[in-house]
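*Asks:* whatever this is, show me its structure:
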Amino acid sequence: MRKRALRAAFPHTLPIMAGFLFLGFAYGVYMNVSGFSFVYPMVMSLVIFGGSLEFVAVSMLLSPFAPVQTFLMALMIQARHLFYGIAMLDRYKGMGWKKFYLIYGMCDESFSINYTAEPPYDVDRGWFMLFVTLLDQLYWFTGATLGGLLGSLIRFDTTGLDFVMTAMFVVIFLDQWLKEQKHYTALIGLGSALMCRVCFGSSGFMLPTMLCILAMLTAGRKPIEKAGGLA
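*Replies:* Numbering: from 1, shown residues only. Model prediction:
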């Protein structure tokens, strides 16, 4: 049963493997050139496992000790996971002990696969989702550790290396845009982000944006579905 679930989950994670190995490696190199041992990206990839937060954590570790500010920044950056969790409530029912790791290891990419992918009829859904999550974290851990270990051997200008996560999210957005027949949800997301950016500034627009998107999608779910905007 577990082997079937692993074989079913692995092909779904191949695009994530390609992205995470590179991005994780870039993160490990970034930590290295910032003066940190490979132990930092290795452990942080296991404990935090939040790509954008891990990149921001580099500057946090180099700044004066400010636990409250660090907590609020982490909350703002990862606030979208609150909405991921709400969306996965039904899918995580009856998962037993697997539920704890599925919650802990959920990232943007594992959420996307576990929410949309349908495992074969003879594959247990719980094991399928667990292996998707585990493989994704393993890819990130491997890339981050290798980057931390080999970063000192690389000789090139690393300015802008912390932008790779932003670039990845742009690519994911464009991929979803091309797959959608209608672009209602994408336009709602863009419009909400721009409006909240103007109203709340660059440091405080994330959470209001997510709340705005949730409210608009909830209110307009039926007409959007009817028009094919969630396809």
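*Asks:* where does this protein have low pLDDT?
*Replies:* Applying pLDDT under 70 to the chain flags the ranges 154-169, 171-172, 175-176, 179-180, 203, 221, 224-231.
*Asks:* go with 50
*Replies:* 231 (pLDDT under 50).
*Asks:* residue ranges of each domain in it, please.
*Replies:* Residue ranges for the domains of the chain, per automatic domain parsing: 2-162, 180-231.
*Asks:* distance to Leu174 and mean neighbour count for those domains - can I get that in CSV?
*Replies:* All C-beta atoms are positioned from the backbone trio N, CA, C, and that covers glycine. Listed next are these as CSV, based on distance: least, CB to CB, whole Å; neighbours: other CB atoms under 10 Å:
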stretch, distance to Leu174, mean neighbour count
domain 2-162, 14, 17
domain 180-231, 10, 15
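*Asks:* JSON lines for the ones you listed, including distance to Val170?
*Replies:* Converted to JSON lines, these look like this (distance: least, CB to CB, whole Å):
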{"stretch": "domain 2-162", "distance to Val170": "12"}
{"stretch": "domain 180-231", "distance to Val170": "12"}
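*Asks:* what residues are up against Phe83?
*Replies:* Contact partners of Phe83, counting by CB atoms under 8 Å, 6 or more residues apart in numbering, are 210, 214.
*Asks:* what of Leu6?
*Replies:* Contact partners of Leu6, counting by CB under 8 Å, 6+ apart, are 127, 131.
*Asks:* numbering from 620 from now on, please.
*Replies:* Yes, from this point I'll number from 620; that puts the last item at Leu625.
*Asks:* tell me how far it lies from Val666.
*Replies:* 24 Å (CB to CB, to the nearest Å).
*Asks:* and for Ala693?
*Replies:* 12 Å.
*Asks:* with Tyr720 instead?
*Replies:* 14 Å.
*Asks:* and for Ala834?
*Replies:* 33 Å.
*Asks:* where's Leu754 relative to Asp709, distance?
*Replies:* Taking CB to CB as the measure, Leu754 falls 23 Å from Asp709.
*Asks:* and the closest residue to Ile635 other than its chain neighbours, what does it touch?
*Replies:* Spatial nearest neighbour of Ile635, excluding adjacent residues (CB to CB, 6 or more residues apart in numbering): Glu728 at 4.7 Å. By CB under 8 Å, 6+ apart, Glu728 lies in contact with 635, 638-639, 755.
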